[in-house]
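**Student:** when you get a sec, could you give me coordinates for this:
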Amino acid sequence: MVGVPGKYKGCNTCRLRRVKCDNERPLCRKCLDSGRECAGYERETVFIIGTIEDQGRCSSHPPRVVKSKKGSSKKSSSKRSEDDDGRFQLVANTPLRPAWDDLISLSCRGQTFQVQIAALFTPLSTVTRAYATDEDEGEQNRTIFLSFPTYQPPDLTPYPGEDDFQLFSQCMVHLAPPSEARGGQGTQTDSIFMFLYEHNNSTTYNPHQQPPWKPLPPPLQTSTVRRLGPPGFRHFPNHHFFARVYRPAAIWTAILSPTPTPCFLSLPEWQTTPFESHPKSSLDTLLDILSLLPALFSRFTHITSPDQPPTLSRRLLAQDLLSNLIGIELQLSQWYTSVTPSRSRPTYWIADPSTLPYPGTVEIPFTETFAFSNGTIGLGLVYYWAGLVLLWPKMWRLYWLLFEPVVDGMVEPVLGGKLAQVDPMRWNTKEVRQAADNVCRAGDWLLAGAAQPDLLGWVVEVVGGFYQELVSSSVGTTTNSGWEDMGGGGGDGRLEMGWVQGFRGRLAQRGRDVAEVVGGRGWVDYVSF
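**Tutor:** Coordinates of the predicted model:
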């Protein structure tokens with residue numbers, strides 16, 4: 001018989017690791033400090049059984065013979081599904097909140113945890129793993145310590161040779177043991193659910209170099225989202241992966257593509273079914289609108305192509321597309337009104353520099369920094385302004401294209417409906433620049449507490465592209481972006497480009513801060529996408 005009190009007085013975790021325990025009760029401080037789950041000090045009494053049939057061999061866990069019973073197969077199958085072959089399960093507690101809430105209440109093995117949701121871009125093939133000797137937890141619940149190279153924000157240049165956006169993610173969980181000092185629940189940074197991910201539109205992605213620990217081969221991984229379909233993303237953690245990681249990355253990738261194509265996420269079933277359990281936030285609603293842009297931008301690229309002759313047919317196509325973009329602009333305006341309903345309770349304001357999380361980050365030419373009522377609203381407003389930076393130049397270009405002479409007639413343009421009362425000056429460079437400047441004024445406040453810093457990378461690409469166009473136009477270089485000769489906005493964009501470069505450095509530092517948290521804790525694999 002083993003498991004009775006003996007010489008070793010430490011906790012069960014330290015005992016399995018064969019290290020000296022500090023014997024602190026009720027949980028070992030050495031385990032807590034290293035990110036491990038302390039198994040406590042109780043010993044289970046186990047009888048060692050040896051028989052003649054075993055030929056003298058003993059086992060503390062002899063084979064169990066389960067006799068089949070009539071009608072028991074269904075019950076056994078249900079039990080296996082519930083336990084998932086011994087793997088612990090995380091269940092989101094009610095009432096269910098939008099996925100963009102950074103803290104989620106989860107239950108696991110009868111305990112409640114307040115868990116921080118985080119995500120970080122990581123080339124998965126570079127991740128190395130070290131496994132702790134948590135033998136009692138089983139193969140699926142082994143504690144893992146991760147290490148990977150110094151974090152760098154993803155290069156969002158579309159990946160050559162891939163036609164469809166693909167994103168791969170390994171989801172890890174660290175649950176800090178509840179302690180009496182914390183009132184039985186973890187604090188905000190104690191327990192973390194982490195999405196490590198990469199996508200094929202980044203130049204760091206290598207489809208032939210996948211990590212050996214991925215549970216599915218690359219050919220099966222590539223269609224995970226489409227294979228599961230909208231119903232597969234109703235519940236945690238699939239819903240949070242879809243809403244917080246996959247959807248914004250896929251939509252922005254489609255928008256920023258040199259040759260944008262319709263995004264399947266704009267289909268009604270993808271905008272409704274995944275949100276049947278977890279309600280939508282204002283940011284989710286905004287992404288619904290932004291998902292409509294790639295198809296319209298694809299039409300813009302076709303209509304304004306230098307290969308298209310200035311015909312009456314092209315003018316009619318431009319007029320129809322401009323009407324569609326005005327409709328999108330109206331939806332964006334209505335969204336903005338819904339999140340900024342009252343001046344008495346503003347959702348954003350000019351921050352006092354002394355109160356900023358990172359003092360000293362206010363840089364020329366942006367001497368004023370915005371602060372927000374909460375991070376979700378702030379990120380939504382930044383996405384809104386970035387959407388206008390992309391939308392308004394195209395609307396300006398299309399409007400004046402209507403008045404260009406056509407080669408197949410002398411027909412003057414007739415503007416009716418939405419176009420009859422249009423004032424194109426609201427789309428000029430000065431207005432676009434104001435929207436871009438708003439993105440920059442918001443950046444440092446949002447970055448300071450970001451558990452998902454890569455979400456800001458997309459808008460950095462948007463404003464960086466706009467300011468680079470200003471620099472190019474000041475030296476006589478133009479593109480087909482749609483906004484050249486839109487009326488003066490003041491300055492040539494060089495100061496702003498300097499700010500963008502500096503912010504990219506701060507974005508990389510924030511990513512390294514998050515990576516340091518990941519590397520300093522023990523994790524358990526939970527699910528892959």
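**Student:** can we go C-alpha only for contacts and neighbour counts from here?
**Tutor:** Noted.
**Student:** give me the pLDDT value at the closest residue to Leu90 other than its chain neighbours.
**Tutor:** The shortest distance from Leu90 to any residue other than its chain neighbours is 5.1 Å, reached at Cys108 (C-alpha to C-alpha, 6 or more residues apart in numbering). At Cys108, the predicted lDDT confidence score is 87.
**Student:** secondary structure element holding the closest residue in space to Arg109 that isn't next to it in sequence?
**Tutor:** Nearest non-adjacent residue to Arg109, counting by C-alpha to C-alpha, 6+ apart: Phe88, 7.2 Å away. Counting by DSSP states H and E, no helix or strand carries Phe88.
**Student:** now Phe88: how far from Tyr526?
**Tutor:** Separation of Phe88 from Tyr526 (C-alpha to C-alpha, to the nearest Å): 9 Å.
**Student:** which one of the two has more residues nearby?
**Tutor:** With neighbours defined as other C-alpha atoms under 10 Å, Phe88 and Tyr526 compare such that Tyr526 has more, 19 against 16.
**Student:** which stretches of the stretch 151-300 of the chain have low pLDDT?
**Tutor:** Applying pLDDT under 70 to the stretch 151-300 of the chain picks out residues 157-163, 178-189, 201-223.
**Student:** all helices for it, in order.
**Tutor:** Assigned by DSSP state H, counting those that start in this stretch, the stretch 151-300 of the chain shows helices spanning 218-221, 224-228, 238-240, 247-256, 268-272, 282-290, 293-303.
**Student:** now do the fifth one: distance to the chain's middle.
**Tutor:** I take that to be helix 268-272. When C-alpha coordinates are averaged (C-alpha atoms, centre = their mean, to the nearest Å), helix 268-272 and its chain have centres 19 Å apart.
**Student:** swap in stretch 388-399?
**Tutor:** For stretch 388-399, the distance to the chain centre is 27 Å (C-alpha atoms, centre = their mean).
**Student:** with stretch 325-333 instead?
**Tutor:** 25 Å.
**Student:** also stretch 114-122?
**Tutor:** With C-alpha atoms, centre = their mean, you get 9 Å for stretch 114-122.
**Student:** next up, identify which helix or strand the closest residue to Trp385 other than its chain neighbours is on.
**Tutor:** Distances taken as C-alpha to C-alpha, 6+ apart place Ala435 nearest to Trp385, at 5.1 Å, with adjacent residues excluded. Here Ala435 is covered by helix 429-448, with elements defined by DSSP H and E.
**Student:** pretty sure the residue nearest to Arg109 sits against Gly110.
**Tutor:** No: the pair Phe88 / Gly110 is not scored as a contact, 10.8 Å apart, by C-alpha atoms under 8 Å.
**Student:** helices along the stretch 301-450 of the chain, start to end?
**Tutor:** Using DSSP H, counting those that start in this stretch, helices in the stretch 301-450 of the chain cover 312-339, 375-401, 429-448.
**Student:** so what touches whichever helix or strand comes after the last one?
**Tutor:** For helix 429-448, the following helix or strand on the C-terminal side (DSSP H and E) is helix 457-474. Applying C-alpha atoms under 8 Å, 6 or more residues apart in numbering, the external contacts of helix 457-474 come out as 153-154, 156, 252, 256, 382-383, 386, 389-390, 436, 439, 478-479, 484, 492-494, 496-497, 500, 504, 507.
**Student:** now the buried members of those.
**Tutor:** For the contacts of helix 457-474, a burial check counting by 16 or more other C-alpha atoms under 10 Å picks out 153-154, 156, 252, 256, 382-383, 386, 389-390, 436, 439, 478, 484, 492-494, 496-497, 500, 504, 507.
**Student:** burial count for Ile251?
**Tutor:** Ile251 has 23 nearby residues by other C-alpha under 10 Å.
**Student:** is it true that it touches Ser291?
**Tutor:** Yes: Ile251 lies in contact with Ser291 (C-alpha under 8 Å); the separation is 5.6 Å.
**Student:** now the common contact residues for these two.
**Tutor:** With C-alpha under 8 Å, 6+ apart as the test, Ile251 and Ser291 both reach 263, 265.
**Student:** skip ahead from the helix-or-strand element of the chain with minimal mean pLDDT and say which helix or strand is next.
**Tutor:** Least confident helix or strand of the chain, by mean pLDDT, DSSP states H and E, is helix 72-83 with a mean of 34. Sequence-wise, the next helix or strand downstream of helix 72-83 (DSSP H and E) is strand 91-92.
**Student:** dump the C-alpha coordinates for the helix or strand just after that next one into PDB.
**Tutor:** Scanning forward in sequence from strand 91-92 by DSSP H and E, the next helix or strand is strand 103-108. Extracted as PDB, the C-alpha positions of strand 103-108 are listed here (Å, rounded to 0.1, in the frame of the first residue of the first chain):
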ATOM      1  CA  LEU A 103     -12.500  39.100 -19.400                       C
ATOM      2  CA  ILE A 104     -14.700  36.000 -19.600                       C
ATOM      3  CA  SER A 105     -16.100  34.000 -16.700                       C
ATOM      4  CA  LEU A 106     -15.300  30.300 -17.200                       C
ATOM      5  CA  SER A 107     -16.100  27.200 -15.100                       C
ATOM      6  CA  CYS A 108     -13.700  24.300 -15.000                       C
END
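**Student:** which residues sit against strand 103-108?
**Tutor:** 88-93, 97, 112-117, 188.
**Student:** surely His278 touches Ala99?
**Tutor:** Yes: using C-alpha under 8 Å, His278 is in contact with Ala99, at 6.9 Å.
**Student:** list residues touching both of the two?
**Tutor:** The contact sets of His278 and Ala99 overlap at His239 (C-alpha under 8 Å, 6+ apart).
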